[in-house]
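[1] take this sequence and fold it.
(one chain, ligands or ions: 1)
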Amino acid sequence: MISTIKSRLGFLAVPAALLLFQAPVLAQPKLNKDNIDEVIAAMTLDEKINTVVGTGMSMGEAKFPGTAGHTYAVPRLGIPEAYLADGPMRLHMNPVRSYDSHTYYTTEMPSSATVAATWDVDAARKVGETLGREVSDYGLDVLLAPAMNIMRSPLCGRNHEYYSEDPMLAGMIAAGYVNGLQGQGISANLKHFAVNNQETNRNNNDSRVNQRPLREIYLKGFEIAIRESNPWTIMTSYNKLNGRYTCESKDLTDAILRGDWGYKGVVMSDWNAGHDPVTSMLAGNDMMEPGQQRQKDAIKAAVENGSLPMEILDRNVKRVLEFVVKTSNFKNTEHPGKTDLDAHALIDRQIGAEGIVLLDNNGILPLSGVKSVALYGVTSYNPVPAGMGFGAVNTGRYHVSLVEAFRNEGIVPDKALVTKYTMHIAAEDKRLYPNGRPAFSFQPAERASEFVPSEEELKAAVKANDVAIITLGRVSGEGADRNLAEWNLKNNEGALISAVSEAFHKAGKKVVVVLNVCSPMETASWKSQADALVCAFEPGQEVGNSIVDVLTGKVNPSGKLPMTWEAAYGDSPADDHFPYDYVFKMPSFASGSGVNFQNKKAQEEVKAPEANVDYTEYTDGIYVGYRYFDTFKKAPSYAFGRGLSYTSFEYSLSDEKIEGDVASVNVKVTNVGSRAGRNVVEVYVAAPDGKIEKPAKELKGFAKTRELKPGESQVLSVSWKVMDMASFDEKQSAWNLEKGTYKFIVAESSDAADVKASAEVKVPKARLWKVSNSLAPEYRIKELSKRSK
Ligand code: BGC
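    Predicted structure coming up:
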């Protein structure tokens, strides 16, 4: 009987439900910022689904080939496409197009780690602004940047795309970048939200972390960036967080992001992330990228069977349309289709140089009276402008080598070495890439190995040149982490450093080592052989010019390390909980025992979960980077915040106070040396150990002076939110500013020996800021604590 009724009414029941989802055919409003609800009411179910599921990557004959995709257009309702392309270091788009004689090059800017090393929010703003101009000039709408995950391990394959181990530095630099980009009318996209700190098995790895480190370390930077710059869009990450894919985590997107932080923009998934699009929709992930048919089918079925309420779908569509009306394509902004590459190259050169960190210098730098240099290391000839992966810079326009850069300055690189290295690199390329270098690869990059010159060759080079420069390179990219072999000296690098140092020192000549690297490497065992050590990170396409500007003193270095350089791998508590010995087998979306979720057979064959591959326990808790080294009094090779100058500075501190929700201090910086230079003021806070244990000190504010002439001073006012000094109290789900004496510290690095001035401020009464009780791990992670040492 029932079945008869069902079948009889079937023709009514299903279509009736569907009718509810179909828009009245006659309503044809044209989208504007005030009629979004009306437009949604006029959309069909398919149009809504197409709006929340991407249209695929833009390949081949697409309008912008080589970009990440675009949103769905509904011309009858005045909804245009919004075009998305990758950053963070450049607009990732094919520079040449078929049947088109024009070129579409973009500028390769410094890597994010380099930008962070400037410790200059204005520099980050300028990078964002420049990239924003290029995106706008070419006619796109969103740059999928900045990326701002915490550098928990020096081996994370994407560290060059990230800013820092410290959330305050990362948050403020990200905010500068976003403000620059969005000031050009281009949407930023804060990514990868959140706790995506390793690439190994990134599509399945479960980051297991307690609520305190989650809030204080891994989410704090995002919180700050959102507060200070309001990015129009955010991208969730690939990984799971405490058992759930981040794109399916209601706690993350709804409770924390929108609830606790009041975020109003669009949230999208990372490309092909997650498992169940319906759970994502319910969690408040508005767009599945780049979009798959199976996701559309699942969403449709869920709407039709009622498990995905139409209000939820409409809510997500609404957030997408609220974003679309802000885009430049919606506003019909003029797009010249070309951009000022020469002007932007100058910006790259300048900011690339400002992010260079002088680690050690026994007086050889800046080079003076040098006429010829012996350039060693394949990286001097084949530099690393930035990393690999989608965030790579590799448009093929040009990269300036150290050879070219020295020649630009009238300094002659040794000709015999130039010839020898050119031949060596060509032969190595053939050996490593017999079928040519792939345009894109998830595989860790193989670089040419080093050779050790013969005694004869060394003798000749010592005789002919004033100084030796050795450049070492490290490059990484998404989809794979670095491993221990990458961290240590390799491929004859150690032998090269020893041979060159010995030969030059014997003749009373000096050796400078330049590190053109994505992320830290081992330095403690060999650094004493160099007379100066310079960390250039990855300065972008002008790489050689930026480096030589610093070596010659054209630019007085003012960069500071945005991360700790530990002495030996294993010194940091995170090291054991990172896949440092993992051997690359295949791209991360198919590795680990969790395996590709789309591959049912593989899923059924799931092995026992493997630590650090299938899941990673964040047993280091809040003791990430300098918070560990400083608190547990372990000496790193180079401390967070370190960076020397060719001049020196003195500091005095005044007006330290807490007023309402803001803490601040004035710092007077005086250039007491003999060269003009800029300087970063790092302000740390040492909070009283109360109910909640505290690290020795934490960075709470920073600022950078203008160029100060010798004898000149500048007073910088550094301020931060009082709430950012509070600890996360898991018991109360609240930020807890405990009462007691807070020390405001001005230091030249996080090393206790580099403290320059301090003052005390009292908090007479504890303050509490309640937030949601979200993202508790399934079991408590046993964490490092200084109290149970
Ligand atoms: C990366 C994202 C990127 C996206 C689109 C993913 O593989 O993780 O950072 O924006 O691809 O290219």
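
[2] any idea whether residue 703 is helix, strand or coil?
    State at residue 703, reduced to three classes by DSSP: H, G, I helix; E, B strand; the rest coil: strand.

[3] ok, it - how many residues close by?
    By the criterion of other Cβ atoms under 10 Å, residue 703 has 20 neighbours. Heads up, the C-betas are built off the backbone N, CA and C, glycines and all.

[4] how about it, nearest residue that isn't a chain neighbour?
    residue 716 (4.3 Å; Cβ to Cβ, 6 or more residues apart in numbering).

[5] can you pull the contacts of the nearest residue to residue 412 once chain neighbours are set aside?
    With sequence-adjacent residues excluded and distances taken as Cβ to Cβ, 6+ apart, residue 412 is closest to residue 372, at 4.5 Å. The contact partners of residue 372, taken as Cβ atoms under 8 Å, 6 or more residues apart in numbering, are 411, 412, 413, 414, 464, 465, 466.

[6] got a markdown table for these, with secondary structure, distance to the ligand and neighbour count too?
    Formatted as a markdown table, the contacts of residue 372 follow (DSSP: H, G, I helix; E, B strand; the rest coil; distance: Cβ to the nearest ligand atom, whole Å; neighbours: other Cβ atoms under 10 Å):
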| residue | secondary structure | distance to the ligand | neighbour count |
| --- | --- | --- | --- |
| 411 | coil | 39 | 19 |
| 412 | strand | 42 | 17 |
| 413 | strand | 37 | 22 |
| 414 | coil | 41 | 21 |
| 464 | helix | 47 | 15 |
| 465 | coil | 43 | 23 |
| 466 | coil | 44 | 17 |
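
[7] and the gap between residue 191 and residue 269?
    10 Å (Cβ to Cβ, to the nearest Å).

[8] cool, residue 105 as well?
    Applying Cβ to Cβ to residue 105 and residue 269 gives a distance of 30 Å.

[9] of those two, who's got more company?
    residue 269 (27 against 19).

[10] show me the contacts for the more buried one.
    Each residue near residue 269 by Cβ under 8 Å, 6+ apart is listed here: 235, 236, 247, 280, 285, 287, 288, 289.

[11] leaving out sequence neighbours, find the closest residue to it.
    Residue 269's closest residue in space is residue 247 (Cβ to Cβ, 6+ apart), at 4.1 Å.

[12] for that neighbour, which three-state class applies?
    helix.

[13] wait, residue 493 sits on residue 472?
    Yes: counting by Cβ atoms under 8 Å, residue 472 is a contact partner of residue 493 at 5.9 Å.

[14] give the residues shared as contacts by these two.
    With Cβ under 8 Å, 6+ apart as the test, residue 493 and residue 472 both reach residue 377.

[15] low pLDDT regions in the stretch 601-750 of the chain?
    601-608 (pLDDT under 70).

[16] smallest gap between it and the ligand, at which residue?
    Of all residues in the stretch 601-750 of the chain, residue 616 sits closest to the ligand, at 17.5 Å by Cβ to the nearest ligand atom.

[17] what do you get for the stretch 401-550 of the chain?
    For the stretch 401-550 of the chain, Cβ to the nearest ligand atom, closest residue to the ligand: residue 478, 5.5 Å.

[18] can you check the stretch 51-200 of the chain too?
    residue 144 (3.8 Å).

[19] count the neighbours of that residue for me.
    Other residues close to residue 144 by other Cβ under 10 Å number 29.

[20] wait, isn't it in contact with residue 87?
    Yes: counting by Cβ under 8 Å, residue 144 does reach residue 87; the two are 5.8 Å apart.

[21] tell me which element the residue of the stretch 401-550 of the chain closest to the ligand is part of?
    Per DSSP states H and E: residue 478 is located in neither a helix nor a strand.

[22] coming back round to it: does the residue nearest to residue 269 touch residue 272 like I think?
    No: if you go by Cβ under 8 Å, residue 247 and residue 272 don't touch, sitting 10.4 Å apart.

[23] what about the two, which has more around it?
    residue 247 (32 against 18).

[24] that one: what's it in contact with?
    Residue 247 touches 236, 237, 253, 269, 270, 273, 274, 280, 283, 285, 288, counting by Cβ under 8 Å, 6+ apart.

[25] what would the residues you listed look like in CSV with distance to the ligand?
    As requested, those are exported to CSV (distance: Cβ to the nearest ligand atom, whole Å):
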residue, distance to the ligand
236, 10
237, 8
253, 17
269, 10
270, 5
273, 8
274, 13
280, 16
283, 19
285, 15
288, 13
